[in-house]
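Chemist: the following block contains a protein sequence and its predicted model.
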Amino acid sequence: MNPDEWLTEYGVTLGVGALILFMVFIVWDLAKRSKAGIFGTMILYLALALGILGFVIKTAITYLLERGMT
């Protein structure tokens, strides 16, 4: 595997993972500054979790389609 393929395959996934961790911090800070309370904080994290779930599903579908296991 050449360096370009490695960067494309792993770099993007690691970059998105780092971005997700940063978004967790942003949502926590947003909930704290806006005094959202427990329910509001749960709703904010639910929205973030749905976005993360979409990324995981996309990764799983891509893996299955590339391996021919549809």
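Modeler: All right, it came through fine.
Chemist: buried residues in the biggest helix by length in the chain?
Modeler: In the chain, assigned by DSSP state H, the helix with the most residues is helix 37-67. By 16 or more other C-beta atoms under 10 Å, the buried positions in helix 37-67 come out as 41, 44, 48. Where C-beta positions appear, they are placed from N, C-alpha and C, glycine not excepted.
Chemist: so which of those comes closest to Lys32?
Modeler: Thr41 (8.4 Å; C-beta to C-beta).
Chemist: other SSEs contacting the helix or strand of the chain with the lowest mean pLDDT?
Modeler: When each helix and strand of the chain is scored by mean pLDDT, DSSP states H and E, helix 3-6 comes last, with a mean of 81. On a contact count with 3 or more C-beta pairs under 8 Å, 6 or more residues apart in numbering; DSSP states H and E, helix 3-6 meets no helix or strand.
Chemist: just the CA coordinates for that helix, please, in CSV.
Modeler: C-alpha atoms of helix 3-6 as CSV (Å, rounded to 0.1, in the frame of the first residue of the first chain):
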residue,chain,number,x,y,z
PRO,A,3,1.4,6.4,1.2
ASP,A,4,-1.4,8.0,-0.8
GLU,A,5,-3.6,5.0,-0.3
TRP,A,6,-2.8,4.9,3.4
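Chemist: so who does the residue most central in space within the chain touch?
Modeler: In the chain, the residue lying closest to the centroid (C-alpha atoms, centre = their mean) is Ile52, at 3.6 Å. By C-beta atoms under 8 Å, 6 or more residues apart in numbering, the contact set of Ile52 is Ile20.
Chemist: so Ala36 versus Val27, what's the distance?
Modeler: 10 Å (C-beta to C-beta, to the nearest Å).
Chemist: err, Glu9, not the other one
Modeler: Here the criterion is C-beta to C-beta. By it, Glu9 lies 28 Å from Val27.
Chemist: who has more neighbours, the two?
Modeler: Set Glu9 next to Val27 and count neighbours by other C-beta atoms under 10 Å: Val27 wins out with 17 against 11.
Chemist: find the nearest non-adjacent residue to the more buried one, please.
Modeler: Excluding the flanking residues, the one nearest Val27 by C-beta to C-beta, 6 or more residues apart in numbering is Leu44, at 4.9 Å.
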